[in-house]
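In: model this:
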Amino acid sequence: MKIPTIVILSGPSGAGKTTLLNKVFRKKSIKENFIRSISYTTRTIRPKEKNGRDYFFISKRKFLSLKRQGFFLESQRVLDNYYGTAEYFYEQAEKENKNLILCIDVKGGLYLKKKKKEGKIVTLFIAAPSELDLFKRLKKRTETMRTIQKRIALAKKEMKVSRLYDSIIINKDLSKSLKELEKVLLENKN
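Out: Below you'll find the predicted structure:
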């Protein structure tokens, strides 16, 4: 068994991480070489989201219980909710001799980059072209204005640490960003 490369996609909410990840996983070259993790979260499910496809939606009590049991490879509190990546995704990547892609928040990405000592970790920061673009994207969701303001404030903080990531993709043109993401992934597969 080889040690999987972990590729971490992070960036502000609304930057397009999930959209890019969904599209890149339609490509055979990516599916053959990577496993995609699905995060656990305590946040409320949004319209069009599906439990087990977009996230595993669980209660705060259940999340904290799993955390105490050492279930998560990484977990963080972001705004008022918890997010975490189950250890079993890494174990599955090992078993299948594939690499692992995590779509996680900036705090989780930086934590894992520092904590995980074996194997290669590649970090990609996905950013919207501007604060206005980010605002427009968040407004299309079913978020309250208060939540959007919190997410914009958090995005400003996250952009300040984007320099700690290996690469930054400015998601202005989806097809160009997709090609850039695919290139980075294929360059970093085991």
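In: contacts for the longest helix belonging to the chain, please.
Out: Longest helix of the chain, by residue count under DSSP state H: helix 145-160. Outside helix 145-160, the residues that touch it by Cβ atoms under 8 Å, 6 or more residues apart in numbering are 10-15, 78-79, 105-106, 127-128, 131, 134-135, 138-139, 143. Any C-beta I mention is one placed from the backbone N, CA and C, and that applies to glycine too.
In: if we go to 6 Å?
Out: Where contact means Cβ atoms under 6 Å, 6 or more residues apart in numbering, the residues beyond helix 145-160 that reach it are Pro12, Ser13, Leu79, Val106, Leu134, Leu138.
In: residues in contact with the residue nearest the centre of the chain?
Out: Computing the C-alpha centroid of the chain and ranking residues by Cα atoms, centre = their mean puts Cys103 first, at 1.5 Å. With Cβ under 6 Å, 6+ apart as the criterion, the residues that contact Cys103 are Leu9, Lys17, Leu21.
In: helix or strand: which one has Ser75?
Out: Using DSSP states H and E, the element containing Ser75 is strand 72-78.
In: picking up where we left off before, so which of the contacts of Cys103 are in strands?
Out: Leu9 (DSSP state E).
In: rewinding a little: could you export the strand holding Ser75 as PDB, CA atoms only?
Out: Extracted as PDB, the C-alpha positions of strand 72-78 are listed here (Å, rounded to 0.1, in the frame of the first residue of the first chain):
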ATOM      1  CA  PHE A  72     -12.000  12.800  12.500                       C
ATOM      2  CA  LEU A  73      -8.800  13.300  10.600                       C
ATOM      3  CA  GLU A  74      -9.400  17.000  11.100                       C
ATOM      4  CA  SER A  75     -12.300  19.000  12.600                       C
ATOM      5  CA  GLN A  76     -12.900  22.700  13.100                       C
ATOM      6  CA  ARG A  77     -15.500  25.100  14.300                       C
ATOM      7  CA  VAL A  78     -16.300  27.700  11.600                       C
END
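In: burial count for Pro4?
Out: Summarising burial for Pro4: neighbours were counted as other Cβ atoms under 10 Å, giving 26.
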